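S.K.: Below are the sequence and a predicted model; questions follow.
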Amino acid sequence: MRAKITYFVLAAVLVVYFALVGSRGVLLIQQGTAITVTFGVAVLVLPLIGIWFLWQNTRFALSAGRLARELDAEGGLPRDELERTPSGRIDRASADAVFARRQAETEERPEDWRSWFRLAVAYHDARDTPRARKAMRHAITLHRREETSRAARPAAEPATGDRETSGDRETSGDREKTSGAQAASESRETDGEGAPQTR
């Protein structure tokens, strides 16, 4: 929780900073000279790049948090199995052993976002942040694919139901036609029996 508060406080400070820098860029452009316009455009570009990176990191953090909550609801969050030194730091050998298990699990189920999430946690525990972020991004991508395929299934089911209903209607229509034909045949036979025979 403390990490989230720190992140959002820093993000708010950066937004204020970008707004101040952007206003300075606008003032430079309004001066109208070639030098001030060039500097003004450069000053405006930097806040835009910073806002883009901030948005990407915020989106990544929100997506990872969503996966963590879903995995926690399923009871699949990785347990803390790491041994620690007397100073409280994670033992490297213990982290490597847990990572080996997570890697084997991911190789067995490469299309499961849950295994990639746990692998990202193992990378983080092993202090390999770049690979941890890469594994988490892949977990987020797989999770989105799963959501997309899950949303597509109900859309396909009514079509099947419509075909079945249409088939039932056709079958009912056939039965009605057959019943009508049988009734007409019986009516003709009855009329024939009841009619006087001519000699």
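M.R.: Good, I have the coordinates.

S.K.: For the closest residue to Phe99 other than its chain neighbours, grab the count of nearby residues.
M.R.: Distance criterion CB to CB, 6 or more residues apart in numbering; nearest residue to Phe99, sequence neighbours excluded, is Ala122 at 4.2 Å. From N, CA and C alone the C-beta is placed, and that goes for glycine too. Ala122 has 26 neighbours, counted by other CB atoms under 10 Å.

S.K.: contacting residues for Ala122?
M.R.: Contacts for Ala122 (CB atoms under 8 Å, 6 or more residues apart in numbering) come out as 78, 95, 98-99, 102-103.

S.K.: roughly how far apart are the residue most central in space within the chain and Ala151?
M.R.: Nearest to the geometric centre of the chain sits Arg144, at 2.3 Å (CA atoms, centre = their mean). Distance of Arg144 to Ala151, given as CB to CB, to the nearest Å: 11 Å.

S.K.: Likewise for Tyr123?
M.R.: As judged by CB to CB, Tyr123 and Ala151 stand 30 Å apart.

S.K.: what's the answer for Arg101, then?
M.R.: Here the criterion is CB to CB. By it, Arg101 lies 33 Å from Ala151.

S.K.: Compare these two (neighbour count), which wins?
M.R.: Of the pair Arg101 and Ala151, Arg101 is the one with more neighbours under other CB under 10 Å, namely 14 against 9.

S.K.: Check which helix or strand that one maps to.
M.R.: Per DSSP states H and E, Arg101 falls inside helix 92-108.

S.K.: May I see the buried residues of the next helix or strand after that helix?
M.R.: Proceeding C-terminally, helix 92-108 gives way to helix 113-125 as the next helix or strand, assigned by DSSP H and E. Neighbour counts over helix 113-125 (16 or more other CB atoms under 10 Å) mark 113-125 as buried.
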